[in-house]
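Visitor: predicted coordinates and the sequence they were generated for:
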Amino acid sequence: MHSVISKTKLKMIKNREKLRWVLQRLSALLLLIFFAVHIWVFYFKLERPISLEGLQEIFVHGKWIIFYICFIALMLYHAFNGVWTVLTDKNPSKYYKKNWRITLCVLALILILISAWNLILLGKV
């Protein structure tokens, strides 16, 4: 009975690793698309030289705030998933993994909230 539980748990761990691998590749592709839109906005939508007023014209529209919050969240997921992979490469203890998971999640949430707040403030004219 004990070996069945171990095999099941091992299979779940491998499935999580596969999912994390797929999500890392998917987030990379999505980041390329988001980055292309960002370049388009900054090179073709804004007047030169770029000014605070020009940026405010973009961020007055809620769709651009949502776009950039998603862009930042996706970038943080991709980056922190990579950090997680490096930190857990040598199969550390559960305690180590739990502490790093909490730290990375809290840090990502804080960075997303700060970024969202700044984008919203930038859009207020």
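Guide: Received it, and whenever you're ready, just let me know what you need. Remember, predicted model here, so these are calculated numbers, not experimental data.
Visitor: not counting its neighbours along the chain, what's nearest residue 112?
Guide: residue 73 (5.3 Å; CB to CB, 6 or more residues apart in numbering). Glycine gets a C-beta too; all of them are placed from N, C-alpha and C.
Visitor: please apply the same query to residue 38.
Guide: Using CB to CB, 6+ apart and skipping residues adjacent in sequence, the residue nearest residue 38 is residue 71, 6.8 Å away.
Visitor: ok, how many other residues are close to that neighbour?
Guide: By other CB atoms under 10 Å, 18 other residues sit near residue 71.
Visitor: use 47 as the first number from now on
Guide: Renumbered: residue one is now 47, and that last one reads residue 117.
Visitor: touching, it and residue 87? I think so.
Guide: No: the criterion here is CB atoms under 8 Å, and residue 117 misses it with residue 87 at 10.7 Å.
Visitor: residue 115 is in contact with residue 161, isn't it?
Guide: Yes: using CB under 8 Å, residue 115 is in contact with residue 161, at 6.7 Å.
Visitor: list of residues touching stretch 97-116?
Guide: Residues outside stretch 97-116 that contact it (CB atoms under 8 Å, 6 or more residues apart in numbering) are 80, 83, 87, 91-93, 158, 161-162, 165-166, 168-171.
Visitor: pLDDT weak spots in this protein?
Guide: Within the chain, the stretches with pLDDT under 70 are 47-51, 171.
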